[in-house]
Structures are given as C-alpha cells and as structure tokens.
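Participant: just coords:
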C-alpha cells in the first residue's frame, strides 16, 4: 500500500515505523506547524522530539507538497492534534479521492454547544459533499509514541463500521510488535481514548499533591488517592460511552482501561496535572511551563466544557455521574483551585 500520514508530530511519525516495517510505502506530510520537524528529518533522518531514526521507507513532505504526496494514495492517516481536525479536512478537501479511506490517530471530542460528537463524525462533517461516503476509521489503545518508534510491543484497536474493511486493513498494519484488533464500536473506542486524556490529567494531580505535602514519615506515598481517581475516571467514561451509544466492552479493554493506564504513566497530561496539584492556576502553568505543548486533557476540557454544562442544564447529562470531569473543567477553564469531590464519586442513580 501507499500510505500518507498527515501530521509529523510524535504519534504520526511513530506510526510510520510499523507501517514501513510491514512493507508499505509511506509519505509523512507535516502540517503548517511541522516545518522544522520535516526539515530535520530531511537532513538527519531523526525526529527531533521522538529522538528516533525515521524508517528509510518514509519520505517526508512539507504541507505544500501534500498534493504530490497524495498521488496514488491507498490510505490517509491523520496524526494532527484535536485542534487540527477541521484544518485537516480543509486541506484534504481537494486532494482526497472518495474511495481512499481515512484512519484517525487523533483523540478528542467535539462539542457544538448542544451535543458531544466523536472526532470521526466531526471530521466527516467538515468534508465537502463529494467526500460524503469516504470511509473514516480510527485507531486507539495504549500506545506511547516513543515505545512504538522503538518497536516495543504495542496493542491497539482499529475501529470502524465495516468488519471486512477493518479486517483487511488490520492485517495490512500488523507487525510482530504492532498488534491490531478490530471493533465496530467506533463510538465506544473514541469516547474512551478521548476521555483518558482528561482523567490522566486528574490522576497527575496526585504527583503535585504528594510533592506539596511530602512523603509520610513511614514512607507512604499517595497511590490510594491516584487509584481512586483512576477508577472514577473509568466509571465516568462508562457513563458517557453508554449515553452516546457505545459498547461498555471498550471501557474495560484496550481503549478504556488500557489507554488510561498507559497515559497515567507520564507525558504532558501528567506534567500539567502535577503543576495544578501544586496549586498553580492552569493559565499560569500553561504559559510559564508548557507554552508550546499540546496538553490534550486540558484541550478536551476547553473543547467540551461549555457543551457539557449546556447538556446538564438541558437534562441530557446527569451531573451526578460526572463530578471528576466537572472538577477538571472548572480547574482548566475557570481557574478553580483543585478540590477532589470525594463524596460525589461512584454515584449510582439507577
């Protein structure tokens, strides 16, 4: 196959490793923000943030070369961040053939002020009418970019609506270290892999709280606290998955429990959580310590915060089932201090 990956960030570029190892021709196209990365790959074959050598079968292109890169493409993979989905639909509008499927690595949800939508649905809504039937699939699961680039074993789920297409594509993507399962539960998969970023940020609060309060005299840390937040995050994810029409199996397998676990092990969400746990307001933490980094958990809170509140007022969401999500939204969007709503956890209204 000839595969075009749009977005030369860490995950988009890491994904090119198993694809190239599987024998496919890969074109890596940077966004308008990836110029320096594409230039570095041209000069050294090393991605500056991944610190990994890019496979020799991968040809880098600047965004201006998208049309050339797309010639004869069998598959397009979106590796942009959640804020770049509409942009990606716009730049692909004139160059994407209607019969070329799209696979999204991008994680997030879209809020339109009244309802929540998974990103494949939002991406499709931004395409022109001629692309109304293009197949849109998504990959999710516990897969850290650096580990994938180093050919560490990684397990993911490919989601979409057509079992036959999913099976054929999964077979084409598998390598001895990149293990791919399939699922027709695209809603459940996408809700899980989006919400994991917000709840990983919440688990990351514990790093800052421990640093602020210190290790106990007997050497005790705060693993109990982190585990309770982790469990509440899965509980709230399950509520949203069911509400939006997904399958609970996604919550307790790779997209839900698996992806939340690996995201809690470190990365940008955890680093932001630490700063918030130390008592720093979100706007200050972002501007001072992470000005040029995408913190997907915070980006999700900003993207859906107003919509979630509107849905609660309209009776479409039960606030009693989402206390942790609402607390994170208040911290990120409104500068509220960190207060974990313990007494509201695991509220069952059924």
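Facilitator: Received, thanks. In this text, all values refer to a predicted model and were calculated from it rather than measured experimentally.
Participant: how about the residue positioned nearest the centre of the chain, secondary structure?
Facilitator: For the chain, the residue sitting closest to the mean C-alpha position, by C-alpha atoms, centre = their mean, is residue 107 at 2.8 Å. Under DSSP: H, G, I helix; E, B strand; the rest coil, the three-state class of residue 107 is coil.
Participant: low-confidence regions, this structure specifically.
Facilitator: Judged by pLDDT under 70, the chain has its weakly predicted residues at 349-350.
Participant: any idea how it splits into domains?
Facilitator: 2-184, 187-344 (automatic domain parsing).
Participant: what residues are up against the residue nearest to the centre of the chain?
Facilitator: Residues near residue 107 by C-beta atoms under 8 Å, 6 or more residues apart in numbering: 82, 119, 140, 190, 193, 194, 196, 197, 296. (Each C-beta comes from the backbone N, C-alpha and C, glycine too.)
Participant: list buried residues within these.
Facilitator: The neighbour count (16 or more other C-beta atoms under 10 Å) marks 82, 119, 140, 190, 193, 194, 196, 197, 296 as buried among the contacts of residue 107.
Participant: could I get those residues as CSV with secondary structure and distance to residue 326?
Facilitator: Output for these, formatted as CSV (DSSP: H, G, I helix; E, B strand; the rest coil; distance: C-beta to C-beta, whole Å):
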residue, secondary structure, distance to residue 326
82, helix, 20
119, helix, 22
140, strand, 24
190, helix, 21
193, helix, 21
194, helix, 16
196, helix, 17
197, helix, 16
296, helix, 18
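Participant: which of those residues lies closest to residue 25?
Facilitator: For these, the residue nearest residue 25 by C-beta to C-beta is residue 140; the value is 24.9 Å.
Participant: roughly how far apart are residue 340 and residue 330?
Facilitator: Residue 340 is 12 Å from residue 330, where distance means C-beta to C-beta, to the nearest Å.
Participant: where along the stretch 1-150 of the chain do the helices fall?
Facilitator: With DSSP state H, counting those that start in this stretch as the criterion, the stretch 1-150 of the chain has helices at 10-21, 35-44, 66-70, 85-92, 119-126, 145-149.
Participant: give me the contacts around the fifth one.
Facilitator: Right, the one you point to is helix 119-126. By C-beta under 8 Å, 6+ apart, helix 119-126 touches 78, 82, 85-86, 88-90, 102, 104, 106-110, 117, 131-132, 134, 136-138, 186, 190, 194.
Participant: now list the buried members of these.
Facilitator: 78, 82, 85, 88-89, 102, 104, 106-110, 117, 131, 134, 136-138, 186, 190, 194.
Participant: return the residues in contact with the residue nearest to residue 189 when sequence neighbours are not counted.
Facilitator: Spatial nearest neighbour of residue 189, excluding adjacent residues (C-beta to C-beta, 6 or more residues apart in numbering): residue 159 at 4.0 Å. By C-beta under 8 Å, 6+ apart, residue 159 lies in contact with 137-140, 166, 182-186, 189-190, 255.
Participant: what's the answer for residue 86, then?
Facilitator: Counted by C-beta under 8 Å, 6+ apart, residue 86 has contacts 122, 126.
Participant: quick one: it from residue 123, how far?
Facilitator: 8 Å.
Participant: ok, residue 78 next?
Facilitator: Residue 78 is 7 Å from residue 123, by C-beta to C-beta.
Participant: got any residues that touch both of those two?
Facilitator: Common contacts of residue 78 and residue 123 (C-beta under 8 Å, 6+ apart): 85, 88, 102, 104.
Participant: surely the last one is in contact with residue 135?
Facilitator: Which is residue 104. No. Counting by C-beta atoms under 8 Å, residue 104 does not reach residue 135; the two are 11.4 Å apart.
Participant: one step back: so can I have CSV of the contacts of residue 159 showing distance to residue 27?
Facilitator: Shown next, in CSV, are the contacts of residue 159 (distance: C-beta to C-beta, whole Å):
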residue, distance to residue 27
137, 19
138, 20
139, 18
140, 23
166, 23
182, 25
183, 27
184, 29
185, 30
186, 26
189, 26
190, 26
255, 28
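Participant: out of these, which comes closest to residue 152?
Facilitator: For the contacts of residue 159, the nearest to residue 152 is residue 139 (16.4 Å; C-beta to C-beta).
Participant: quick one: contacts for the closest one?
Facilitator: 15, 103, 104, 105, 156, 157, 158, 159, 180.
Participant: just those: which are in strands?
Facilitator: The members of these that map onto strands under DSSP state E are 103, 104, 156, 157, 158, 159, 180.
Participant: out of the residues you listed, who's the most crowded?
Facilitator: residue 159 (29 neighbours; other C-beta atoms under 10 Å).
Participant: do you know how far it is from residue 166?
Facilitator: 8 Å.
Participant: overlap in contacts, those two.
Facilitator: Contacts common to residue 159 and residue 166, judged by C-beta under 8 Å, 6+ apart, are 137, 182, 183, 184.
Participant: quick one: the third one and residue 157 touch, right?
Facilitator: So the one you mean is residue 183. Yes. The pair residue 183 / residue 157 is scored as a contact, 5.1 Å apart, by C-beta under 8 Å.
Participant: I'd say residue 188 and residue 249 touch.
Facilitator: Yes. Counting by C-beta under 8 Å, residue 188 touches residue 249, with 7.2 Å between them.
Participant: of the two, who's got more company?
Facilitator: residue 188 (30 against 13).
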